[in-house]
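Student: 3D model of this:
(6 chains)
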Protein chains: 4
Amino acid sequence: MNERSFTFDLIMHSKRNLILRAAEKIIASGGIQGLSMQLVAKEAGVAAGTIYRYFKDKDDLILELRKDVLAQVASAILEDHHVGTLEQRFKRIWMKMHNYGKQPSPANLSYEQYAHLPESNTDEIRALEMKLFEPLHRLFEEGLAQGSIQPLHPRALYAVAMEPSMTMARAMRRGLIEYDEKDITLACDLCWRAIYIPTTPTN
Amino acid sequence: MNERSFTFDLIMHSKRNLILRAAEKIIASGGIQGLSMQLVAKEAGVAAGTIYRYFKDKDDLILELRKDVLAQVASAILEDHHVGTLEQRFKRIWMKMHNYGKQPSPANLSYEQYAHLPESNTDEIRALEMKLFEPLHRLFEEGLAQGSIQPLHPRALYAVAMEPSMTMARAMRRGLIEYDEKDITLACDLCWRAIYIPTTPTN
Amino acid sequence: MNERSFTFDLIMHSKRNLILRAAEKIIASGGIQGLSMQLVAKEAGVAAGTIYRYFKDKDDLILELRKDVLAQVASAILEDHHVGTLEQRFKRIWMKMHNYGKQPSPANLSYEQYAHLPESNTDEIRALEMKLFEPLHRLFEEGLAQGSIQPLHPRALYAVAMEPSMTMARAMRRGLIEYDEKDITLACDLCWRAIYIPTTPTN
Amino acid sequence: MNERSFTFDLIMHSKRNLILRAAEKIIASGGIQGLSMQLVAKEAGVAAGTIYRYFKDKDDLILELRKDVLAQVASAILEDHHVGTLEQRFKRIWMKMHNYGKQPSPANLSYEQYAHLPESNTDEIRALEMKLFEPLHRLFEEGLAQGSIQPLHPRALYAVAMEPSMTMARAMRRGLIEYDEKDITLACDLCWRAIYIPTTPTN
DNA sequence: GATGAATGAGAGTTCATTCAT
DNA sequence: TATGAATGAACTCTCATTCAT
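Tutor: Numbering: from 1, shown residues only, chains lettered A, B, ... in the order given. Model (predicted):
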């Protein structure tokens, strides 16, 4: 049964994955509006009916894709997140986020399509987000605990210091502007200093 | 011709506006996905065919609404933008943006639906954005000229110092968190200090 | 407004009727299973979408058709129902029902498709049935009141004395058997005598 | 070959039967419309493809089920059909039919789904019907031969005297009415007297 | 024999758009 | 100008049937 299960899982996973990747690609280029089940089927090289073996309906496909992409983003951004000082860790995440957000990959392009859907920021997504980005959350908590980060809610710290990374990446990707290495480094540093509280030597 | 034109314009404008407001409301509550021409017609109290007298097609309606909403946002945010010191002007805009972004008005709710549409960030929208937010742009340029603001492209300055205002507003509106007055003031101040360069006394 | 309403009603009614007749015809020849909205549209000579202006969905179309056909049957059967003695009235209805049930008209053929649908014998249909066949019901009630009909619930009287009329008609229509006039008259008479109580002369 | 054949037949028959019972149950609760091959497979605990080993296609499954159910009904109704006088035999069948028709068993509920399908009253079904209900047919023939039953075709006799039994049973099952024992007995007796010719003593 | 994943035609339904009034 | 009935292409989803395992 092991052998069979294993093969089964591989096939299962591969076809499911095929469909997710196809949907991701379509959303990346045409937005959620452009996502039709026929198109996904065609892009994935399966029959339309097959999609429904792996996903309950279109909404379910979108939800699962969202979770999948969220995991991709998190894993890309949080690589090596625990190495170094607080500042090093923060800046590494900032830069990885920036570099990830800059590229026009399907995963990244589709990512920003989900964020602003009304009604669809379900608890399930939020809980997953919480779980996946826990290291970032913890980084802020640590800083708060040792008094080296401004006393704000982690989400506010994220808004002030991290969101600019994505915003700038998006602007670059869209060709609104071109930054050189120096500018990025400066922006990253400014973000860090915005929330950092230098320990004042007593004397 | 004047008299007739005037009346005509009024009617024209009122009906066109009726349609835009209806579309705005629908997008605010159901997203762009939920926008159907029949629904707009019903909400606006006109016949479906009438919409096509004022807008070429659905895409045109959305584009025009986008421009309309952008103007609303700009005017709400940039009120009194030229009064006071650089810091006062910056903080006034930051707070207005935050307060505007917090409220669940149709204009605001529909606003974020447009931002991330692929393919549709046309030059036309960008040019309009440029024009409408010119005061903010000028504020940064002034600071750069007098050396009191970090040497970054205005768009980067916006990303670092302004975007957090909207991000926090959105989080509040969605009930992800609650900030009190003090937190907002602190966040606003941190954003300002992130890009501000204090003038060093010469001695 | 009268003029317009009138025209409107005519058009409204004519198109709605066109669709009902098309559906009736299709059900008559292929059963409810064979009823597809595309087919109805084609048969009625309208676009598929048009059906949805007049009927909420397929179920609604079927329900409305059912009501329509029920009314047709009732009016055909109950013509002149109040003329003559109890026996004459009973036998007239019996014969009309028989003659109606014999013919392979779309209305009649589709009629028997609805009767045995599970779950769909809604209160609405039952109430309509009650109302439309009220004269028959009253005929039984009269006979019961004057003691000239067997003391059974009207529905039982219907089952015993009327249903055979339809059953025989169906058998003829399906070519299972051929009756001549004499047989029908005999069967009709037997049905009447089955529920009739002769008034016994006192002496 | 005998031994193997026997086992084979048992298995064959048991699986085939499993499928028929599953289909019967599904039709009983959801009508023929609700019958899908995947549902039958699930209910029967076999794979979808397996059904096609025992039945050519869906139509064949329905046809075979129809025959199966017809046999069930006939055997339930005609039990002990040859015991007693003509009247006793008739009334026994009438009552059995009534009692069978009253119960909401899968077999009975699915039975009435087939009766009114157009196109499908095939000669095969008719021949089987003829064969299965032959005892009832013979009962009528006997009565006709000895002049104690009205001179009508057996099918007409069935319509006049037997069909009411089923019609009343259906009405009870559907909750349209409640009869007590006395009413049923009366109805049964009326049906019998409707076709019975008392032998007139000569002088 | 038995499985059940895969197929794809076809179902019901929606909706942007047109056009006679 | 304004209407809204009508259109029909395109949508999501189901399901009878097949076939490699």
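Student: tell me which helix or strand in chain A has the weakest average pLDDT.
Tutor: Ranked by mean pLDDT, DSSP states H and E, the weakest helix or strand in chain A is helix A:2-30, scoring a mean of 77.
Student: all helices of chain A, in order?
Tutor: Assigned by DSSP state H, the helices in chain A fall at A:2-30, A:37-44, A:48-54, A:58-77, A:86-102, A:106-114, A:123-132, A:134-145, A:154-157, A:163-173, A:181-195.
Student: okay, now the domains of chain A?
Tutor: Listed by automatic domain parsing, the domain ranges of chain A are A:1-55, A:62-203.
Student: what's the burial count for the single nearest residue of chain A relative to DNA strand E?
Tutor: Nearest residue of chain A to DNA strand E, counting by Cβ to the nearest atom of the strand: residue A:49, 1.7 Å away. For the C-beta atoms, the positions are set from N, CA and C on the backbone; glycine is no exception. The number of residues packed near residue A:49 is 9, by other Cβ atoms under 10 Å in any protein chain shown.
Student: one more: residue A:26?
Tutor: Neighbour tally, residue A:26, other Cβ under 10 Å: 21.
Student: what's the answer for the one 4 residues further on, then?
Tutor: Taking other Cβ under 10 Å as the criterion, the count of residues near residue A:30 is 15.
Student: now it: how far from residue B:32?
Tutor: Separation of residue A:30 from residue B:32 (Cβ to Cβ, to the nearest Å): 13 Å.
Student: go on, residue A:74?
Tutor: Taking Cβ to Cβ as the measure, residue A:74 falls 27 Å from residue B:32.
Student: with residue A:22 instead?
Tutor: Counting by Cβ to Cβ, the gap from residue A:22 to residue B:32 is 22 Å.
Student: okay, which residue is most central for chain A?
Tutor: Closest residue to the average C-alpha location of chain A: residue A:73 at 3.2 Å, with Cα atoms, centre = their mean.
Student: and of the domains of chain A, who's closest to residue D:59?
Tutor: Closest of the domains of chain A to residue D:59 is domain A:1-55, at 22.0 Å (criterion: Cβ to Cβ).
Student: got JSON lines for the domains of chain A, with distance to DNA strand F too?
Tutor: Listed next are those as JSON lines, based on distance: least, Cβ to the nearest atom of the strand, whole Å:
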{"stretch": "domain A:1-55", "distance to DNA strand F": "3"}
{"stretch": "domain A:62-203", "distance to DNA strand F": "10"}
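Student: tell me which of those is the most buried.
Tutor: domain A:62-203 (a mean of 17; mean count of other Cβ atoms under 10 Å in any protein chain shown).
Student: who's in contact with residue A:166?
Tutor: By Cβ atoms under 8 Å, 6 or more residues apart in numbering or on different chains, the residues touching residue A:166 are A:97, A:98, A:101.
Student: for the residue of chain A closest to DNA strand E, report the pLDDT, please.
Tutor: Residue A:49 carries a pLDDT value of 97.
Student: and for the one 3 residues further on?
Tutor: pLDDT, the model's per-residue confidence, is 98 for residue A:52.
Student: got it, and residue A:145?
Tutor: 96.
Student: measure the residue lying closest to residue A:117 once chain neighbours are set aside to residue B:37 for me?
Tutor: In space, and not counting its chain neighbours, residue A:117 is closest to residue B:31: 6.1 Å by Cβ to Cβ, 6 or more residues apart in numbering or on different chains. For residue B:31, the distance to residue B:37 equals 16 Å [Cβ to Cβ].
Student: and if you look at residue A:56?
Tutor: Applying Cβ to Cβ to residue A:56 and residue B:37 gives a distance of 30 Å.
Student: ditto for residue A:40
Tutor: Taking Cβ to Cβ, one finds residue A:40 at 26 Å from residue B:37.
Student: what does residue A:82 give?
Tutor: 53 Å.
Student: how about residue A:151?
Tutor: Relative to residue B:37, and taking Cβ to Cβ, residue A:151 is found at 50 Å.
Student: kindly report the same for residue A:98.
Tutor: 40 Å.
Student: with residue A:107 instead?
Tutor: 33 Å.
Student: does residue A:91 really touch residue A:190, like I thought?
Tutor: No. Counting by Cβ atoms under 8 Å, residue A:91 stays clear of residue A:190, with 11.3 Å between them.
Student: residues in contact with the residue nearest to the centre of chain A?
Tutor: Residue A:73 neighbours (Cβ under 8 Å, 6+ apart): A:100, A:107, A:108, A:111.
Student: 7 Å instead, please
Tutor: The neighbours of residue A:73, taking Cβ atoms under 7 Å, 6 or more residues apart in numbering or on different chains as the test, are A:100, A:111.
Student: and the pLDDT at it?
Tutor: In this model, residue A:73 carries a pLDDT of 95.
Student: and residue A:59, how many neighbours?
Tutor: 10.
Student: any idea which of the helices of chain A gets closest to residue C:144?
Tutor: helix A:48-54 (58.5 Å).
Student: what is the end-to-end distance of stretch A:69-86?
Tutor: The straight-line separation of the ends of stretch A:69-86 (Cα to Cα, to the nearest Å) is 27 Å.
Student: I meant stretch A:112-132, not that one.
Tutor: With Cα to Cα, one end of stretch A:112-132 sits 17 Å from the other.
Student: avg pLDDT for it?
Tutor: Mean predicted confidence for stretch A:112-132 is 83.
Student: residue A:126 is in contact with residue A:70, correct?
Tutor: No. Residue A:70 is beyond contact range of residue A:126, at 10.6 Å (criterion: Cβ atoms under 7 Å).
Student: in this structure residue A:93 contacts residue A:77, no?
Tutor: Yes. The criterion here is Cβ under 7 Å, and residue A:93 meets it with residue A:77 at 6.0 Å.
Student: what residues does residue A:164 make contact with?
Tutor: Residue A:164 touches A:187, A:191, B:159, B:160, B:163, counting by Cβ under 7 Å, 6+ apart.
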